[in-house]
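Enquirer: Build me a model:
(chains A and B)
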Amino acid sequence: MRKIKYILQKEFIQIFRNKTMLPMIFGIPILQLVVLVHAATLEMKSIDMYVVDKDLSSLSHKLITKFDFSPFYNFSGVSFSIDEANEAIEKNQADFIIHIPYGFERDLIRENSTKVQLLIDGINGMAASLIYAYSSTVISDFNRNIIVDLTQMPAIKDLNPIAVETSYWYNPELNYKTYMLPGILVILVTIISMFLAAMNIVREKEIGTIEQLNVTPIGKIEFIVGKLVPFLIIALLELAFGLVVGKIFFHIPIIGSLWLLFGFTIVYLLVVLGIGLFISTISSTQQQVMFICFFFMLVFILMSGIFTPTESMPTWAQKVNIINPFYYFMRVIRMILLKGSGFWDISHEFFSLLIYATIMLSLSVWRYRKVA
Amino acid sequence: MNEIAVEVQNLKKSYEKEEAVKGVSFSVSKGELFGLIGPDGAGKTSILRIITTLLFPTEGKITVLDSDVVKDYKKIRTNIGYMPQRFSLYQDLSVEENLTFFARIFGTTIEENYDLIKDIYSHIEPFKDRLAGKLSGGMKQKLALSCALIHSPDILILDEPTTGVDAVSRKEFWEMLIRLKEKGITILVSTPYMDEANLCDRVALIQNGDIMSIDTPEKIIGDFGQKLWAVKSNNIYQLINDLRRLDFIDTVFPFGEFLHVTSNTEDLNITELKSILNEKNHLGIKIQQVEANIEDCFMQLMTK
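Expert: Next comes the predicted model:
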């Protein structure tokens, strides 16, 4: 057991001596949190609007003014011709066209119902549906009797106009940052621990120091514990650090128990470090580690539910997520931080990861051999 | 003196289809300085890595201090010091940190075995705060040797310790080895330099995974059994070709600025050879009889 202490001592000397290591561990995360939390947002701002007003009535003028006052819209042009407007969309000068047909005001007064057409650039489906949602809210705020006639280019599907009264729980203002920051923290903590652990061991292989270590009486378990604990500690510090940054700069709520969060993180890190260790046992250069890690990270991150809810993924993808450690942690960190979930709410994820950790660590201990 | 430290019986090692070691047997007695001499790719490193329990043998029985390298590898590891061919200490740790780390892992301290390494470590002690990666080649070598010795092993195994080291450091290094031997440590060393063979108690000449001869250097030279001449002229390349065409010449190998030549007749007539070479327009001809050395023996064994 005392040997573990010596290995840990050695690892920490090496980590703190490495000049790129500390900035990497504490500098880059701040940068990423600040940049990503602001950048990876689903809020639409500066939507370019093209107006085709064939009615030229006071009502149509009021509607356009309402859009104009909204902080989300920019005017990109006005015309009487739909063709010209279409051209603007094709040239990427406009995101959507609001087409007010002739007789807009008259119909509303006479028949108590009138129509407006929205033509939306559907290249980015996500953006298109947001523009639609925003714009129809603006219009129905203006007058409930205007039926929004939606034309999406390319056309997607009809939407039923049902008035829904909504209130959002746990994140009442739907603050995107509150939702994104924990997710990004998960990615940061994972990258730091998985990469560093995997790279560290392969580096010993690459520069040959593993040879010298292998002829010593260090046991397999001692070696692995000595290699994993430093990165476990660093990852936990990283999480704490990220939470402080989140609290101070983004005012994210921390409702649940931090003890629970850190306890769960330790189990999670055992899985991630186990994977990192396993990758390092099957590769012989740092380059190989980079590629394997990168490949898994990319798939796992995109499937983790950081941007899109996992429930809306196809069934097979949800099955694949059983082996996706990000998926568990992404759920749990949000549950604990935003919702204040207790242990029994996350027990399923907790025990799943515990089993996962046992499998990964035994697999890598079995794969790691002191004899080539 | 005749107790066995390392016993290798019919060792074979294959990498996929390549057979790197083709059934070698030798034994190293306690307190002996034993050399594995052979060119690159002869299989020296494979043999040493198997003895140090870093590699499994494909076939054969290998024991180190009566422990089997496969079954009792844990026991062997506490009793041997190994210095791999490539410098494999932590370049980002200082000299002292490296030494302390390896001492502690073996459950000892620098002070406890300072006597053993004093001779070597004293050379690098002034630089003990310097990072190992910043040391010169010769100093790295000394640090590696200190680290291999820090736990006072019974057997020291060195894989080409002097490859890529300058002539002065090489000499110094061998002097250290001989002093360690005097302290009773069994030393098994591999080297591609034939001239280092003379410093060993016994050597095994290895070529293509086979041992050609095992004996004391004197005995191996004694077994050469042929007279040897050193021949020189202004055009060495032409000289090789001309000599090889003569039917009374057995072997011709370049050796420094001379060619080492053996004859298949009992005695070579120097004046006759000189006149033959003169006819072939060679200038500055020098012929003299020389003593065979290990390299000559190696060449002779190779052609057999």
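Enquirer: ok, A:Ile210 to chain B distance?
Expert: Counting by CB to the nearest CB, to the nearest Å, the separation of A:Ile210 from chain B is 8 Å. (Glycine included, C-beta is placed from N, CA and C.)
Enquirer: Identify the residues contacting that residue.
Expert: Residues in contact with A:Ile210 (CB atoms under 8 Å, 6 or more residues apart in numbering or on different chains) are A:Ile201, A:Glu204, B:Ser88.
Enquirer: So what does A:Lys54 have for phi and psi?
Expert: When read as degrees, to the nearest 10, the backbone of A:Lys54 gives phi -90, psi 0.
Enquirer: And B:Thr53, by the same measure?
Expert: phi 70, psi 20.
Enquirer: Look up the pLDDT of it for me, please.
Expert: B:Thr53 carries a pLDDT value of 89.
Enquirer: Looking at the contacts of A:Ile210, which are in helices?
Expert: A:Ile201, A:Glu204 (DSSP state H).
Enquirer: so B:Val24 sits right up against B:Met212, yeah?
Expert: No - look at B:Val24 against B:Met212 with CB atoms under 8 Å: they stay out of range, at 10.3 Å.
Enquirer: what's the overlap in contacts for these two?
Expert: Shared contacts of B:Val24 and B:Met212 (CB under 8 Å, 6+ apart): B:Ile206.
Enquirer: Name the residue in those two with the higher neighbour count.
Expert: Using other CB atoms under 10 Å in any protein chain shown as the criterion, B:Val24 and B:Met212 rank with B:Val24 on top: 22 against 19.
Enquirer: how far away is that one from B:Ala204?
Expert: Using CB to CB, to the nearest Å, B:Val24 is found at 8 Å from B:Ala204.
Enquirer: what's the answer for A:Leu353, then?
Expert: For A:Leu353, the distance to B:Ala204 - CB to CB - is 55 Å.
Enquirer: What of A:Val116?
Expert: A:Val116 is 95 Å from B:Ala204, where distance means CB to CB.
Enquirer: which of these two has more neighbours?
Expert: Between A:Val116 and B:Ala204, B:Ala204 has the larger neighbour count (other CB under 10 Å), namely 26 against 22.
Enquirer: and chain A, which residues reach chain B?
Expert: Residues of chain A lying close to chain B by CB under 8 Å from any CB of the partner chain are A:2-3, A:6-7, A:9-10, A:13-14, A:17-18, A:207-218, A:370-372.
Enquirer: one more time with 6 Å
Expert: Contact residues (CB under 6 Å from any CB of the partner chain) of chain A with chain B: A:3, A:6, A:10, A:14, A:17, A:208-209, A:211-212, A:214-218, A:371-372.
Enquirer: ok, B:Tyr82 - how many residues close by?
Expert: Neighbour count of B:Tyr82, defined by other CB under 10 Å: 27.
Enquirer: ok but it is inside a helix, no?
Expert: No - counting by DSSP: H, G, I helix; E, B strand; the rest coil, B:Tyr82 is not found in a helix; it is strand.
Enquirer: bridging residues for it?
Expert: B:Ile157 (DSSP bridges).
Enquirer: What are the phi and psi values at the closest residue to A:Phe67 other than its chain neighbours?
Expert: Among residues not flanking A:Phe67 along the chain, A:Tyr73 sits closest, at 5.0 Å (CB to CB, 6 or more residues apart in numbering or on different chains). Backbone geometry at A:Tyr73, expressed as degrees, to the nearest 10, gives phi -110, psi 140.
Enquirer: what does the stretch 101-250 of chain B put close to chain A?
Expert: Counting by CB under 6 Å from any CB, the stretch 101-250 of chain B sits next to chain A at B:Phe101, B:Arg104, B:Ile105.
Enquirer: Any chance of the residues you listed in a markdown table with secondary structure, pLDDT and neighbour count as columns?
Expert: A markdown table is the format used below for these (DSSP: H, G, I helix; E, B strand; the rest coil; pLDDT from 0 to 100; neighbours: other CB atoms under 10 Å in any protein chain shown):
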| residue | secondary structure | pLDDT | neighbour count |
| --- | --- | --- | --- |
| B:Phe101 | helix | 93 | 22 |
| B:Arg104 | helix | 91 | 20 |
| B:Ile105 | helix | 90 | 21 |
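Enquirer: low-scoring stretches of the chain, by residue?
Expert: In the absence of a named chain, this looks at chain A. Counting by pLDDT under 70, chain A has low-confidence residues at A:40-43, A:144-175, A:369-372.
Enquirer: hm, I was asking about chain B
Expert: Ranges of chain B meeting pLDDT under 70: B:1-2.
Enquirer: Would you map the helices across it?
Expert: Counting by DSSP H, chain B has helices at residues B:44-51, B:73-79, B:95-105, B:114-124, B:137-149, B:167-182, B:217-222, B:236-245, B:270-279, B:294-303.
Enquirer: now the stretch 101-250 of chain A
Expert: A:104-111, A:125-142, A:176-207, A:209-214, A:220-250 (DSSP state H, counting those that start in this stretch).
Enquirer: Buried residues in the shortest one, which are they?
Expert: Read that as helix A:209-214. For helix A:209-214, a neighbour-count test (16 or more other CB atoms under 10 Å in any protein chain shown) marks A:Thr209, A:Ile210, A:Glu211, A:Gln212, A:Leu213, A:Asn214 as buried.
Enquirer: Good, we can wrap up now.
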